[in-house]
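J.: give me a model of this one.
(one chain, ligands or ions: 1)
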Amino acid sequence: MNETAPICAMDAQTGGEWWRGAAIYQIYPRSFADSNGDGIGDLPGITAHLDHVANLGVDAIWISPFFTSPMADYGYDVADYRDVDPTFGTLADFDALIARAHALGLKVTIDLVFAHTSDRHAWFADSRASRDGAHADWYVWADANPDGTPPNNWQSVFGGPAWTWDARRQQYYYHQFLKEQPQLNVHLPAVQDALLDVTRFWLDRGVDGFRFDALNHSMFDPAFTDNPPVTDNRPRTRPYDFQVKKFSQNHPDVVGFVERIRTVCDAYGAIFTVAEVGGDDAMPLMKAYTAGNHRLSSAYGFDFLYAPELDAALVAKVLRDWPGTPGADGQSEGWPSWAFENHDAPRCLSRWADDAARAPFGRMIMALLVALRGNVFLYQGQELGLLQDDIPFHLLKDPEAIANWPLTLSRDGVRTPMPWDSHAPNAGFTAGTPWLPLSPGNIARAVSAQVGDPATLLAHTRAMLALRRAHPALRLGTVEALTVAGDVLTFTRRVADEAIACAFNIGRHRHALAAPEGTPLLALNGADAHHLPAWGVRFTKESIL
Ligand code: BGC
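T.: Numbering: from 1, shown residues only. A predicted model of the protein is given here:
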């Protein structure tokens, strides 16, 4: 229990819910900092660089999985939920990391993968061994059709059928991602109990929150009904894209599991819980998993992560989708989380801006991020303006990228190592050979090349995060007076005693602006009270009478 945690000023603003409106920095441990020269980042590497994260002014970190894993999906295939993979260190290293983070005022959020395990997990070894062992029904098994084909038409996210034959059980097992990631039967109360015990294990070690990976994938139609085909004309890279995932995921009973998770977390104080909810129909699920006061704190939206373009209409849609008004059933609406980048999606500056626009555009979107209602996530290197790296086929590591090359999600290109020192070998990431190459372009954007220079994106990121921390309206306020006029987006963030009018030009043409009366808080890219030049931003603190 966290009973001795100090009450900070932020707690007073957020009513003790430290996480509400928090800015959270995502660390992909493999690529953050390598302390032992094996070319792979690790927990001591993270600990040694936490001052960089704290200096940004974020509230918390989210660390992608560091648990024991054969690394078929680079840690999202967990073989032991209660230990640290030797590549990343030891449990003692984790304890040291959490102590250092807390000393720096950072909360620690970890990534629990509950929809599947690794095929090397002891539960799966037992489950595949026989049809009547202790874990026989902890995974999802089905007989073959009379002609030997899989039980239904479900396809896996990473390509190919979602069923793999197991010679020992003489049955197929279900996997929504790699065949090395067998689906857990989360419908089973005993499986839920085991996963809740895992949650308690890490709470007892002092973590402050969890991201629940692919939570909507954790339950499916137990009758294994075929998915229907899609009827739209969107591009189809994988067989997965040909189906509406009506039966293979998103079962409504996930909500009951979510409520059990919340009950466990509530015994430990203000624990942040955020569900990763992907797919075409994510919004109703995000709302369902977070509604009221007995489910998760937040759900993590994908709206920005894969958007090929950023425009005012997209931002307006995101803000309108979560108005924050009570639901029809009288329960409060949940709290969203937004990210422009993560370890799965291509770098946003590569998606959204060309070379010429990148500097002003980068400043504009950092201001936009801190003005969004919800929790905001930054992915490592976003504060430096890193671009997506182009990894040649022979150096690809990501199984999804290899399977679907050249039409890949390019996950390796966003997972290249963090550049710390532009003059050190491998930019200070490792003394060995980095597991993915660093590019000269991103090395030139290293922390060492930006620190101390007020004109850099690093300095701007700090300034924007400080602005959000200083103004409860930005962190916690409602969104009002939302307007879109072509490329110009305006809205006001408001709490009881503060209102901030925000205006963005998400375009390259100059527009007139009628900024409200009040104190100018921020003017970017040449904006003033009457004009928003290309990528211009203006925040005005309105006078409250
Ligand atoms: C994670 C991915 C992972 C997948 C399967 C996700 O959505 O973010 O990196 O491959 O879940 O666990």
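J.: now do the SS call for the closest residue to the ligand within the stretch 51-200 of the chain.
T.: Residue nearest to the ligand within the stretch 51-200 of the chain (Cβ to the nearest ligand atom): residue 76, separated by 3.4 Å. (Each C-beta comes from the backbone N, C-alpha and C, glycine too.) For residue 76, the assignment made with DSSP: H, G, I helix; E, B strand; the rest coil gives coil.
J.: now stretch 172-189, how far from the chain's geometric center?
T.: From the chain centre to the centre of stretch 172-189 is a distance of 22 Å (Cα atoms, centre = their mean, to the nearest Å).
J.: ok, back up a step: what residues are up against the residue of the stretch 51-200 of the chain closest to the ligand?
T.: Going by Cβ atoms under 8 Å, 6 or more residues apart in numbering, residue 76 touches 64-65, 69, 113, 177, 181, 213.
J.: is it possible to get TSV of these that adds secondary structure?
T.: Converted to TSV, these look like this (three-state DSSP):
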residue	secondary structure
64	coil
65	coil
69	coil
113	strand
177	coil
181	coil
213	strand
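J.: if I look at the residue of the stretch 51-200 of the chain closest to the ligand, what pLDDT would I see?
T.: pLDDT, residue 76: 98.
J.: mean confidence score for stretch 41-48?
T.: 99.
J.: now residue 283: how far from the ligand?
T.: Plainly put, residue 283 is 17 Å away from the ligand if you go by Cβ to the nearest ligand atom, to the nearest Å.
J.: what's the local residue count around that residue?
T.: By other Cβ atoms under 10 Å, 17 other residues sit near residue 283.
J.: residues of the stretch 301-450 of the chain that sit close to the ligand?
T.: Selection of the stretch 301-450 of the chain residues close to the ligand by Cβ under 6 Å from any ligand atom yields 343-344.
J.: residue of the stretch 301-450 of the chain closest to the ligand, please.
T.: Residue nearest to the ligand within the stretch 301-450 of the chain (Cβ to the nearest ligand atom): residue 344, separated by 4.8 Å.
J.: around the ligand, pick out the residues from this structure.
T.: 73, 76, 113, 177, 213-214, 276, 343-344.
J.: quick revisit: ranking by neighbours, what's the top pick from the contacts of residue 76?
T.: Busiest of those [other Cβ under 10 Å] is residue 113, holding 30 neighbours.
J.: which ones are touching it?
T.: By Cβ under 8 Å, 6+ apart, the contact set of residue 113 is 65, 76-78, 213-214.
J.: and the helix or strand harbouring residue 199, how far out from the chain's middle?
T.: Per DSSP states H and E, residue 199 falls inside helix 189-204. Relative to the centre of its chain, helix 189-204 is centred 22 Å away, using Cα atoms, centre = their mean.
J.: list the pairing partners of the helix or strand hosting residue 501 within its sheet, with orientation.
T.: When elements are assigned from DSSP H and E, residue 501 belongs to strand 498-505. If you go by DSSP bridges, strand 498-505 pairs up with strand 488-495 (antiparallel), strand 537-541 (antiparallel).
J.: spatially central, which residue of this protein would that be?
T.: The centroid of the chain falls nearest to residue 342 when counting by Cα atoms, centre = their mean (5.7 Å).
J.: for that residue, which non-adjacent residue is closest in space?
T.: Leaving aside its chain neighbours, residue 342 sits nearest to residue 379 (5.1 Å; criterion: Cβ to Cβ, 6 or more residues apart in numbering).
J.: just residue 475 next, same as before
T.: residue 21 is the one closest to residue 475 (Cβ to Cβ, 6+ apart), at 3.5 Å.
J.: the stretch 401-545 of the chain: helices as residue ranges?
T.: Ranges of helices in the stretch 401-545 of the chain, per DSSP state H, counting those that start in this stretch, are 411-414, 440-443, 447-450, 457-470, 472-476.
J.: in TSV: those, plus mean neighbour count and mean pLDDT.
T.: What follows is the helices of the stretch 401-545 of the chain, written out as TSV (neighbours: other Cβ atoms under 10 Å; pLDDT from 0 to 100):
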stretch	mean neighbour count	mean pLDDT
helix 411-414	23	97
helix 440-443	16	98
helix 447-450	18	98
helix 457-470	20	98
helix 472-476	22	96
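J.: nearest to residue 292, out of those helices?
T.: Closest approach to residue 292 among those (Cβ to Cβ): helix 472-476, 18.6 Å.
J.: would you mind writing the CA trace of that closest one as CSV?
T.: Listed next in CSV are the C-alpha coordinates belonging to helix 472-476 (Å, rounded to 0.1, in the frame of the first residue of the first chain):
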residue,chain,number,x,y,z
PRO,A,472,-5.3,23.4,-14.3
ALA,A,473,-7.5,24.4,-17.2
LEU,A,474,-5.1,22.7,-19.7
ARG,A,475,-4.6,19.7,-17.4
LEU,A,476,-8.2,19.1,-16.2
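J.: follow-up on the earlier one: got the contact list for the helix holding residue 199?
T.: 81-82, 110, 112, 114, 123, 138, 184-186, 210, 257, 260-261, 264-265, 268, 271.
J.: kindly report the same for stretch 232-244.
T.: 153-161, 227-230, 280, 404, 407.
J.: what of stretch 273-289?
T.: Contact partners of stretch 273-289, identified using Cβ under 8 Å, 6+ apart, comprise 109, 209-216, 244-245, 249-250, 252, 254-255, 258, 261-262, 265, 290, 295-302, 321, 327, 333-334, 336-337, 375.
J.: any weak-confidence spans in the stretch 201-350 of the chain?
T.: Residues of the stretch 201-350 of the chain that meet the criterion pLDDT under 70 lie in 325-331.
J.: swap in the stretch 1-150 of the chain?
T.: 1-12.
J.: where do the helices sit along it?
T.: Using DSSP H, counting those that start in this stretch, helices in the stretch 1-150 of the chain cover 9-13, 43-48, 50-56, 91-103, 122-129.
J.: so the last one versus helix 189-204, what angle?
T.: When you say that, I think you mean helix 122-129. 160 degrees (axes from the mean of the first three to the mean of the last three Cα atoms, to 10 degrees).
J.: would you agree residue 541 is in contact with residue 519?
T.: Yes: contact criterion Cβ atoms under 8 Å: residue 541 and residue 519 qualify, at 4.5 Å.
J.: who's more crowded, the two?
T.: Taking neighbours as other Cβ under 10 Å, residue 541 and residue 519 compare with residue 541 leading, 17 against 10.
J.: CA atoms only: put stretch 340-347 into CSV for me.
T.: Coordinates of each C-alpha in stretch 340-347 appear next as CSV, following Å, rounded to 0.1, in the frame of the first residue of the first chain:
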residue,chain,number,x,y,z
PHE,A,340,0.9,10.9,-31.3
GLU,A,341,3.6,8.2,-31.2
ASN,A,342,4.3,4.9,-29.6
HIS,A,343,6.4,1.8,-30.2
ASP,A,344,4.0,0.4,-32.8
ALA,A,345,3.2,3.5,-35.0
PRO,A,346,5.5,5.4,-37.3
ARG,A,347,7.0,8.7,-35.9
